[in-house]
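Q: structure for this input, please:
(chains A, B, C and D)
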Protein chains: 2
Amino acid sequence: MREKSEETQKQILDAAKKIFASKGLAGARMQEIADEAGINKALLHYYYRNKEKLFEQVFEEAIHKLLGPVASFMADDSELFTKIRNLCHHYYAVLIEYPFIPIFVLNEASVNPDRFLRLMKFEGVMEAKDKTTKQIEQSINDGKIRPIDPRELLWNILSLCIFPIISRPVAGKLLYPDVEVSEVLKERADKVADFVIQSIKI
Amino acid sequence: MREKSEETQKQILDAAKKIFASKGLAGARMQEIADEAGINKALLHYYYRNKEKLFEQVFEEAIHKLLGPVASFMADDSELFTKIRNLCHHYYAVLIEYPFIPIFVLNEASVNPDRFLRLMKFEGVMEAKDKTTKQIEQSINDGKIRPIDPRELLWNILSLCIFPIISRPVAGKLLYPDVEVSEVLKERADKVADFVIQSIKI
DNA sequence: GTCTATAATTTGATAGAC
DNA sequence: GTCTATCAAATTATAGAC
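A: Residues are numbered from 1 along each chain as shown, chains lettered A, B, ... in the order given. Down below sits the predicted model:
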């Protein structure tokens, strides 16, 4: 079936991504990950010395996928409404694939906020944020959007992009009992962008 | 130091609250809870037969504090914008006082959505939601607000009320490095209500 | 590289003295 | 009611054959 190590490695990472996503770090079982990858525990440990290392791999890859583009999107020269739309789409796309990121980051952040802050600085998020902040202020001065604290606006966008992902299991059952929530989420990026733009446009 | 069982019980519940909130059910260790409570594991098991039972106790108490009043607010007969404002204020008021509840609930809800759903039904959240949903639809038909899927609107309000609380440590450092975030949060309820109403009003 | 079998460790839970 | 000591089960991790 499988011939190469690279192939197995990918299977492991995909399996780990899936299990970590639904169970979290503590709740995930190495056996379950091995099963999902179609191999056994021993081989899993052969590829990744321990569970912690495996998680680090998946997590850092995920963070990079999330924050790298966020910084790029915020730092580019597109018009404000376009930028908001791009940001929403990106957040939803990545977080649907790595839904465990927010909860894990938030858990860690409550214990050690500086660790995540360091990662954000490394990815260039701070400068990107400053640039977007200036852009928002400029848009207000130009009479393009109503007055609003840029920090407030950014926090709102983050809330509307991230919270639905982490609340998906319960909100899905509460609000969308008869629909496939993953489908709802896919369409939600654009609707959230609309919601934000509706709120700030003159 | 301790004389009575009631006192010990409270210490246990407070400790469990704290540990479960930061580690989740799977991540929490009975030893750690015992340490935090200033007792030993055996005594912990004397008060609560097993970890599951202890968790149930803490979880249900937290849910009740959060959802009971929410259901009342949603079920009352106030006008839509007033209701939105009330909801935002209530969420912020309660969650500023009990900031551990959301992470705690979301952690577990991701793993076991049905447990949370059962509690929501018990607290009467479903009926309250249905009533507010009808109210939103009526407001759209009356031309009072722009067309929007009620589920989408409710999910947005929840996001804007809950996410800032759980992201406070990291968002605070990112967005408000030189300000006291607790002060920002206190004023935020009204601003969030404004943001939502601005987005949906005609 | 991949497997089976097993060691080592963690941790929830209990027995029994005081 | 509270403790020390210990068991039993679950789970991570490794040894060693192929």
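Q: all helices of chain A, in order?
A: A:5-27, A:30-37, A:41-47, A:51-75, A:80-97, A:100-111, A:113-123, A:125-141, A:150-166, A:168-175, A:181-200 (DSSP state H).
Q: I'd like those laid out as a markdown table, including mean pLDDT and mean neighbour count.
A: Glycine gets a C-beta too; all of them are placed from N, C-alpha and C. As requested, the helices of chain A are exported to a markdown table (pLDDT from 0 to 100; neighbours: other C-beta atoms under 10 Å in any protein chain shown):
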| stretch | mean pLDDT | mean neighbour count |
| --- | --- | --- |
| helix A:5-27 | 90 | 18 |
| helix A:30-37 | 96 | 18 |
| helix A:41-47 | 95 | 15 |
| helix A:51-75 | 92 | 18 |
| helix A:80-97 | 96 | 19 |
| helix A:100-111 | 76 | 20 |
| helix A:113-123 | 82 | 15 |
| helix A:125-141 | 97 | 16 |
| helix A:150-166 | 97 | 23 |
| helix A:168-175 | 90 | 21 |
| helix A:181-200 | 97 | 18 |
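Q: who wins for proximity to B:Leu43 among these?
A: helix A:5-27 (24.2 Å; C-beta to C-beta).
Q: contact partners of that closest one?
A: A:2, A:28-29, A:32-34, A:36-39, A:43-44, A:47-48, A:51, A:54-55, A:57-59, A:61-62, A:97-100, A:103-104, B:23-27, B:107, B:110-111 (C-beta atoms under 8 Å, 6 or more residues apart in numbering or on different chains).
Q: make it 7 Å
A: Taking C-beta atoms under 7 Å, 6 or more residues apart in numbering or on different chains as the criterion, the residues outside helix A:5-27 that touch it are A:2, A:28, A:32-33, A:36-39, A:44, A:47, A:54-55, A:57-58, A:98-100, A:104, B:23-24, B:26-27, B:111.
Q: what about that helix, distance to the chain center?
A: Shown here is helix A:5-27, whose average C-alpha point lies 17 Å from the average C-alpha point of the whole chain (C-alpha atoms, centre = their mean, to the nearest Å).
Q: any idea of the angle it forms with helix B:100-111?
A: Angular relation of helix A:5-27 and helix B:100-111 on a 0 to 180 degree scale: 130 degrees, by axes from the mean of the first three to the mean of the last three C-alpha atoms, to 10 degrees.
Q: pull out the CA atoms of stretch A:123-138 and give them to me as CSV.
A: What follows is stretch A:123-138, C-alpha atoms only, in CSV (Å, rounded to 0.1, in the frame of the first residue of the first chain):
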residue,chain,number,x,y,z
GLU,A,123,5.2,36.6,11.9
GLY,A,124,5.1,40.4,11.6
VAL,A,125,1.6,40.8,12.9
MET,A,126,2.4,43.9,15.0
GLU,A,127,3.5,46.0,12.1
ALA,A,128,0.7,44.8,9.9
LYS,A,129,-1.8,45.7,12.7
ASP,A,130,-0.3,49.2,13.0
LYS,A,131,-0.6,49.7,9.3
THR,A,132,-4.3,48.7,9.2
THR,A,133,-4.9,50.8,12.3
LYS,A,134,-3.7,53.9,10.4
GLN,A,135,-5.8,52.9,7.4
ILE,A,136,-8.9,52.7,9.5
GLU,A,137,-8.1,56.2,11.0
GLN,A,138,-7.6,57.5,7.5
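Q: next one: it to chain centre, how far?
A: Taking the mean of its C-alpha atoms, stretch A:123-138 sits 19 Å from the chain's own mean (C-alpha atoms, centre = their mean).
Q: close to DNA strand D, is stretch A:10-25?
A: No: residues of stretch A:10-25 contacting DNA strand D under C-beta under 7 Å from any atom of the strand: none, with a closest distance of 9.3 Å.
Q: just give the nearest non-adjacent residue to the residue most central in space within chain A, would you?
A: With distances taken as C-alpha atoms, centre = their mean, A:Leu95 lies nearest the centre of chain A, 3.6 Å away. Distances taken as C-beta to C-beta, 6 or more residues apart in numbering or on different chains put A:Ile165 closest to A:Leu95, at 4.4 Å, once the chain neighbours are dropped.
Q: quick one: residues in contact with stretch A:39-51.
A: Stretch A:39-51 is contacted from outside by A:Thr8, A:Gln9, A:Ile12, A:Met30, A:Gln31, A:Ile33, A:Ala34, A:Leu54, A:Gln57, using C-beta under 7 Å, 6+ apart.
Q: that stretch and DNA strand D, are they touching?
A: Yes: if you take C-beta under 7 Å from any atom of the strand as the test, stretch A:39-51 does meet DNA strand D, through A:Lys41, A:Ala42, A:His45, A:Arg49, A:Asn50, A:Lys51.
Q: pull up the gap between the residue in chain A positioned nearest to DNA strand C and A:Tyr48, please.
A: DNA strand C sits closest to A:Ala42 of chain A, with a gap of 2.9 Å, by C-beta to the nearest atom of the strand. Counting by C-beta to C-beta, to the nearest Å, the gap from A:Ala42 to A:Tyr48 is 12 Å.
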